[in-house]
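K.L.:
Here is a sequence together with a model predicted from it:
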Number of protein chains: 2
Amino acid sequence: MPSNSTASAPQQGRDKLHLQLARLFRSKVSTGAWPVGSAIPTVQELEALHGVSRTTVRMALGALVAEGLLLTRKRGGTRVIAAPYKPPSFLLPTSWKELVAFGAHIGQITLHTGRDCLPPIPEGFPDVGRMAPAYVHLLRVYDHDAARFCLSQLYLEQELFPEIEAQLERSSLAVALSSDPSRIAVARQHLSVAPADELAAEHLGVALGTPLMQALRWACNADGLLIYWARVRFLSEYVHMEMDLLK
Amino acid sequence: MPSNSTASAPQQGRDKLHLQLARLFRSKVSTGAWPVGSAIPTVQELEALHGVSRTTVRMALGALVAEGLLLTRKRGGTRVIAAPYKPPSFLLPTSWKELVAFGAHIGQITLHTGRDCLPPIPEGFPDVGRMAPAYVHLLRVYDHDAARFCLSQLYLEQELFPEIEAQLERSSLAVALSSDPSRIAVARQHLSVAPADELAAEHLGVALGTPLMQALRWACNADGLLIYWARVRFLSEYVHMEMDLLK
DNA sequence: GAGTGGTCTAGACCACGGC
DNA sequence: CCGTGGTCTAGACCACTCA
């Protein structure tokens, strides 16, 4: 049926077919015509029911899956998700104190350690202090309930490393650095949503380009030397922030 | 060519074809084989070159378009984006003062005004103060350079409305409320990344489910009465935040 | 007007996983 | 095992837009 005939399409043919279908399917879910938890008709049935091809059905279903309304399983059919899955939401730190507390109770895995690195500060980023000649680099991932939700690239001024190396295995860099609070004179963070690059996509198990919450954090000592730089990226549905607007 | 033959596929056939192609195309961009700004081969040419169907080419190209590396135009062909387009980044306010400043220089359009509403506070949201019997509701969108980047749903305690109605046409609610600073005793915000619902998708011109930066803001007077509730959603690539971690 | 990307069809084969 | 979703093919028509 090549032309846009009446067939059983729900609307007279103006809009794109797969968008019409997606809208129809969405309403089936929200009205309960497709009850939560139940299997919806198979792709073959949907093709026949609406007189469209498999490709079109899949374009429509793909949208709903992307929106988190449907879950597909190879043999079990396509099911309506109970609730658009709500993962645990971590409170992103807005102060060094919270940053230390945050690192204290998260399971971490160190993937890589390297010496004589320089932190990859983005082009055009505002002044973050004087650069030291060398930094130690740590690449870490953080889990919660077996779900990997955070990737961090850490850079620590190299001469500081021996002092805190022992603590680093068990605790976060912020915790370790804070063992001597006088080391830190300036600490700031920059937050944005950034698309996943290849490193993040690989370690967080998401598609390239997936929006991630990115925190760039840095600290300087009293001499204005950059002693800590971190680029930390979170699956965005796992984190939120709260703040008092009256300072 | 139904079976996974050698053809001109870059790798021996284990991986999925469209993923192989996407990887190949990505490397063409990053190595400069497809120079930035230039048009890449047409879909027809790519089909023939790699011995695959249009659908497969489009699956691969679709991924790169989603990653922001390519831009398609109906007749002009598909081009490599100069820089993965960096829109202007607004600094999200972290204090009431910044909130007021933020609202002062943004072009706004009021889409809807209603009386006798109640703010739609999410299920399970922590205490935000005593609810007044009625609120005035404003639905607004904000532009920058003709690009719509922000949608806000505002709720103002109804008895307060006459006092500031005149200012509201020209300025943000925060600006108007601040004309008498004694009105506000508590002001907080909650930030998260939330998928676009139908309202946001329509007014911001994005697909349903697109991750948006969401700010929930509220203010109470000295009696603990909720006088201001706002749900503001931004295209996430347009905003960032900065903060001093040492308070 | 012609070439391009966007959409859609009607098939086919495969891998996975519940029966 | 075998039904299911996932992938892929080889075509077709359309809308847009640039030369």
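P.N.:
That came through fine.

K.L.:
Can you show me the helices along chain A?
P.N.:
Assigned by DSSP state H, the helices in chain A fall at A:17-31, A:43-50, A:54-66, A:96-104, A:161-168, A:173-177, A:198-204.

K.L.:
Contacts made by the fifth one with the rest, please.
P.N.:
Outside helix A:161-168, the residues within contact range by CB atoms under 8 Å, 6 or more residues apart in numbering or on different chains are A:Val136, A:Leu138, A:Leu156, A:Leu173, A:Val175, A:Ala176, A:Leu177, A:Ser179, A:Asp180. Where C-beta positions appear, they are placed from N, C-alpha and C, glycine not excepted.

K.L.:
Give me the buried subset of those residues.
P.N.:
Buried members of the contacts of helix A:161-168, counted by 16 or more other CB atoms under 10 Å in any protein chain shown: A:Val136, A:Leu138, A:Leu156, A:Leu173, A:Val175, A:Ala176, A:Leu177.

K.L.:
low-confidence ranges in chain A?
P.N.:
Scanning chain A for pLDDT under 70 picks out the ranges A:1-14.

K.L.:
mind giving me the domain split of chain A?
P.N.:
Following the TED database, chain A resolves into domains at A:12-80, A:90-240.

K.L.:
on that earlier part again, and the contacts of helix A:161-168, which is closest to DNA strand D?
P.N.:
When the contacts of helix A:161-168 are compared for distance to DNA strand D (CB to the nearest atom of the strand), A:Leu138 wins out at 34.2 Å.

K.L.:
Near the residue lying closest to the closest one once chain neighbours are set aside, how many other residues are there?
P.N.:
Nearest in space to A:Leu138, with sequence neighbours left out and distances taken as CB to CB, 6 or more residues apart in numbering or on different chains, is A:Leu154 at 4.3 Å. A count of nearby residues for A:Leu154, using other CB atoms under 10 Å in any protein chain shown, gives 23.

K.L.:
how close does A:Leu154 sit to A:Leu191?
P.N.:
Distance from A:Leu154 to A:Leu191, counting by CB to CB, to the nearest Å: 17 Å.

K.L.:
For chain A, which residues are neighbours of DNA strand D?
P.N.:
Contact residues, chain A versus DNA strand D (CB under 7 Å from any atom of the strand): A:2-3, A:42-44, A:54-55, A:58, A:61, A:72-75, A:77-78.

K.L.:
Just the buried ones from the residues you listed?
P.N.:
Buried by 16+ other CB under 10 Å: A:Arg58, A:Leu61, A:Thr78, out of these.

K.L.:
and those as a markdown table, adding distance to DNA strand C?
P.N.:
Shown next, in a markdown table, are these (distance: CB to the nearest atom of the strand, whole Å):
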| residue | distance to DNA strand C |
| --- | --- |
| A:Arg58 | 9 |
| A:Leu61 | 12 |
| A:Thr78 | 12 |
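
K.L.:
number of nearby residues for the nearest residue to A:Ser171 once chain neighbours are set aside?
P.N.:
Spatially, and ignoring its direct neighbours in sequence, A:Ser171 is nearest to A:Gly103 (6.4 Å; CB to CB, 6+ apart). The number of residues packed near A:Gly103 is 19, by other CB under 10 Å.

K.L.:
Likewise for A:Val186?
P.N.:
Neighbour count of A:Val186, defined by other CB under 10 Å: 17.

K.L.:
ok, it touching A:Ile227?
P.N.:
No: here A:Val186 lies out of contact with A:Ile227, judged by CB atoms under 8 Å, at a distance of 9.7 Å.

K.L.:
For those two, list the residues in contact with both.
P.N.:
Taking CB under 8 Å, 6+ apart as the contact rule, A:Val186 and A:Ile227 both touch A:Ala219, A:Cys220.

K.L.:
Could you tell me which residues of chain A lie near DNA strand C?
P.N.:
With CB under 7 Å from any atom of the strand as the criterion, chain A meets DNA strand C at residues A:1-2, A:16-18, A:51-56, A:59, A:73-76.

K.L.:
ok, the residues you listed vs chain B, which is closest?
P.N.:
Nearest to chain B among the residues of chain A next to DNA strand C is A:Thr55, at 7.2 Å by CB to the nearest CB.

K.L.:
Could you verify my assumption that the closest one touches B:Thr55?
P.N.:
Yes: if you go by CB under 8 Å, A:Thr55 and B:Thr55 touch, sitting 7.2 Å apart.

K.L.:
wait, A:Gly129 sits on A:Ala222?
P.N.:
No: look at A:Gly129 against A:Ala222 with CB under 8 Å: they stay out of range, at 10.9 Å.

K.L.:
quick one, which of those two is more surrounded?
P.N.:
Neighbours were counted for A:Gly129 and for A:Ala222 using other CB under 10 Å; A:Gly129 has more, 19 against 10.

K.L.:
chain center to stretch A:82-96, what's the gap?
P.N.:
Using CA atoms, centre = their mean, to the nearest Å, the mean C-alpha position of stretch A:82-96 is found 11 Å from that of the whole chain.

K.L.:
Ok, stretch A:84-99 next?
P.N.:
So, by CA atoms, centre = their mean, the centroid of stretch A:84-99 is 12 Å from its chain's centroid.
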